[in-house]
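Visitor: The sequence and its predicted three-dimensional model are supplied below.
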Amino acid sequence: MPTRSSTPSSSPSFILKLFKLVLNESRLRSRPSFKPSQIVLVGPEKAPARASNSKHPSTICHIIARYWFLFGLAFFIAFAALFPDVARYGGYLHAEWTIKYGAVVFIFLLAGMSLQTQTLTDSVLRIRLHLLIQSISLVVIPFTVFGLVLLLFKLHVNMNSLLLLGIVIAASTPTTVSSNVVMTKTAGGNDATALMNAALGNLLGIFVSPALVSHFQQPLIDATPESDSVSKVGSQVNYGDVFLQLGLTVLLPLAVGQIIQWRSPDAIAALKKRLRFSDMSSFALLTLVWSVFSNAVHTHAFSAVSFSDVLLVAIINAVLYLFFCGICILFAYIPFPGDHIPAFVHKLRYSRKDTVAVMYCGATKTVAMGVPLINVLYESNDAGSVGVLMTPLLLYHIEQLIFGNIQVDFLRAWIKDGEEVEQETEEKMRKTKQAEVAKQQHEEDAVKGLAVQPANKALNGNAVTENGHVAIDFYFANDKK
């Protein structure tokens, strides 16, 4: 065998490399934040600079990717303020056709393609749950907000009346199409229930929302102290035109998308994942907001609205959203103090996953239908008034996205705690059942032991029949003697 005459350990260059390696390792240990993938081979001095520079872009990109809708919303509003002629009605893009109808049809076509038919079929029979969600969304919230705004009018609050009327219109719209489903799923809730009620709510909203706005409109106009500025929105609602336009722009695309999804579910699922339908719908929604604000800036609609009024609307929206979230949780989960919960509460209470779906579907409001609804109901009014009426709905949409994303982490932890409590309860019930079975078995063994004693006594007295059985009667007869 050939001998190894020159080993690496005897080489001076190897010792020098080993020394450098130990030196680099000691530096890395003194800076534990560095990862092996961040080490640069050209020299240990350049590794920290490269590693520190790589963190900031990635963090910024992560924030932008997570909240891109909010950044996009700010960008389009700023762009509309600077260049209103691009997306206003009659402008360069002819937004009265391309955005007012094209974007809405696109949103609901994608919504129809995203809703899984089988999932909707499985959850459609939960009538009581759907009734609870739609009652909160289309009855409790609209009438509560209507009463609140009417009270503010009666108290002669110093606030723009169009904004207050816009708050009532925003409350009369159905739940969102996609964001409630996304947030419910992210929080670990029942996304099938959210999916079903997103479709059901927007279908009912075509008929219920115009009726609510028409019912609330005249009492609010009569109560407002600014009769001259609000009377121009008090036109009579033409239900035929409303149902026709909303049917063509909302219901028909939704049905067509559902048919496409039903015919080719696998292909649509792959296409949905590849093209990111939810992001495409959100971008189309941004174009609607862009067009609305472009019209408002072009007609100087916001000149009559002060910053303090907008700030007050934002505060009212935040309070209303959090309050209605609490109402949803109260009606769905029915919190009860103490460990001993009555049977009727158990029967009426929904699971924590269902409660999350109820909250997100009940308290959220849609811009995708709200904007077309306002455009249809008040198409005879000037674009400036329409822009002011949409402002509360747009602010509410922004705030529900912000609060909803914050609530996701808390709700996910709440669901996890509930699952742990259920596991502990099941374990206690299992141990209790085992103890009861053991106790019952012990009692049966004790009874058998008492029955065996006379038999043993009879056997000791040789009172046995020919078949080997104890002659109990014979024993007792002899015992009496």
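Guide: Right, received. Where do you want to start? Numbering: from 1, shown residues only.

Visitor: Would you mind confirming that residue 224 is in contact with residue 161?
Guide: Yes - when contacts are counted by C-beta atoms under 8 Å, residue 224 is listed as touching residue 161 (4.3 Å). C-betas here are computed from N, CA, C, even on glycine.

Visitor: Low-confidence ranges, the stretch 201-350 of the chain, go.
Guide: 226-239, 241-242, 301-302, 304 (pLDDT under 70).

Visitor: and if we set it to 90?
Guide: Scanning the stretch 201-350 of the chain with the threshold set as pLDDT under 90 gives 201-207, 210-211, 214, 217-255, 257-258, 261-270, 272-307, 310, 335-348.

Visitor: which residue ranges form the strands in it?
Guide: In chain order, the stretch 201-350 of the chain shows no strands, with DSSP state E, counting those that start in this stretch as the criterion.

Visitor: Now do the helices in it.
Guide: 227-230, 239-246, 252-263, 265-275, 277-298, 307-333, 343-348 (DSSP state H, counting those that start in this stretch).

Visitor: got those helices as CSV, with distance to residue 358 columns?
Guide: Shown next, in CSV, are the helices of the stretch 201-350 of the chain (distance: least, C-beta to C-beta, whole Å):
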stretch, distance to residue 358
helix 227-230, 35
helix 239-246, 26
helix 252-263, 23
helix 265-275, 26
helix 277-298, 21
helix 307-333, 4
helix 343-348, 13
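
Visitor: quick one, which of those is nearest to residue 62?
Guide: helix 277-298 (15.9 Å; C-beta to C-beta).

Visitor: Only the buried residues of the closest one, if you could.
Guide: Within helix 277-298, the residues scored as buried using 16 or more other C-beta atoms under 10 Å are 277-278, 281-298.

Visitor: Next: stretch 128-138.
Guide: For stretch 128-138, using 16+ other C-beta under 10 Å, the buried residues are 129, 130, 132, 133, 134, 136, 137, 138.

Visitor: part of a strand, is the third one?
Guide: It refers to residue 132. No - counting by DSSP: H, G, I helix; E, B strand; the rest coil, residue 132 is not found in a strand; it is helix.

Visitor: contacting residues around it?
Guide: Residues near residue 132 by C-beta atoms under 8 Å, 6 or more residues apart in numbering: 331, 332, 358, 362.

Visitor: For these, give me JSON lines that also has distance to residue 73.
Guide: Listed next are these as JSON lines, based on distance: C-beta to C-beta, whole Å:
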{"residue": "331", "distance to residue 73": "31"}
{"residue": "332", "distance to residue 73": "30"}
{"residue": "358", "distance to residue 73": "27"}
{"residue": "362", "distance to residue 73": "24"}
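
Visitor: Drop anything exposed from those residues.
Guide: With burial judged by 16+ other C-beta under 10 Å, the buried subset of these is 331, 332, 358, 362.

Visitor: Pick out whichever of these sits closest to residue 107.
Guide: Nearest member of the buried ones among the contacts of residue 132 to residue 107, counting by C-beta to C-beta, is residue 362, at 21.5 Å.

Visitor: So which residues make contact with stretch 378-394?
Guide: With contacts defined as C-beta under 8 Å, 6+ apart, stretch 378-394 is touched by 88-89, 160, 162-163, 165-167, 169-170, 173, 232-233, 235, 289, 292-293, 295-302, 304-305, 310, 313, 317, 365, 367, 370-371, 374-375.

Visitor: Select only the buried ones of those residues in PyMOL?
Guide: Buried members of the contacts of stretch 378-394, defined by 16+ other C-beta under 10 Å, are picked up in PyMOL with:
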select buried, resi 88+89+160+162+163+165+166+167+169+170+173+233+289+292+293+295+296+297+298+299+301+302+305+310+313+317+365+367+370+371+374+375
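
Visitor: Could you give the number of residues near residue 384?
Guide: Counted with other C-beta atoms under 10 Å, the neighbours of residue 384 add up to 20.

Visitor: Check the gap between it and residue 176 for me.
Guide: Using C-beta to C-beta, to the nearest Å, one gets 27 Å for the distance from residue 384 to residue 176.

Visitor: Which residues are in contact with residue 171?
Guide: Applying C-beta under 8 Å, 6+ apart to residue 171 gives the contacts 141, 142, 144, 145, 146, 320, 365.

Visitor: and with 10 Å instead?
Guide: Residues near residue 171 by C-beta atoms under 10 Å, 6 or more residues apart in numbering: 137-138, 140-146, 148-149, 209, 212-213, 216, 317, 320, 324, 365, 392-393, 396.

Visitor: who's in contact with residue 179?
Guide: Counting by C-beta under 10 Å, 6+ apart, residue 179 makes contact with 69, 194, 198, 278, 281-282, 285, 360, 364, 366-368, 397, 400-401, 404-405.

Visitor: Residue 315 now?
Guide: Residue 315 sits next to 395, 399 when contact means C-beta under 10 Å, 6+ apart.

Visitor: repeat for residue 88
Guide: Going by C-beta under 10 Å, 6+ apart, residue 88 touches 80, 94-96, 99, 290-299, 383.

Visitor: before we move on, could you check phi and psi at it?
Guide: phi -80, psi 160 (degrees, to the nearest 10).

Visitor: Same check on the one 4 residues further on?
Guide: Its backbone dihedrals place residue 92 at phi -60, psi -40, with angles given as degrees, to the nearest 10.

Visitor: That one: neighbour count?
Guide: With neighbours defined by other C-beta under 10 Å, the count for residue 92 comes to 10.

Visitor: do residue 223 as well
Guide: Neighbourhood size, residue 223 [other C-beta under 10 Å]: 18.

Visitor: Okay, residue 412 and residue 272: tell me how far apart.
Guide: 24 Å.
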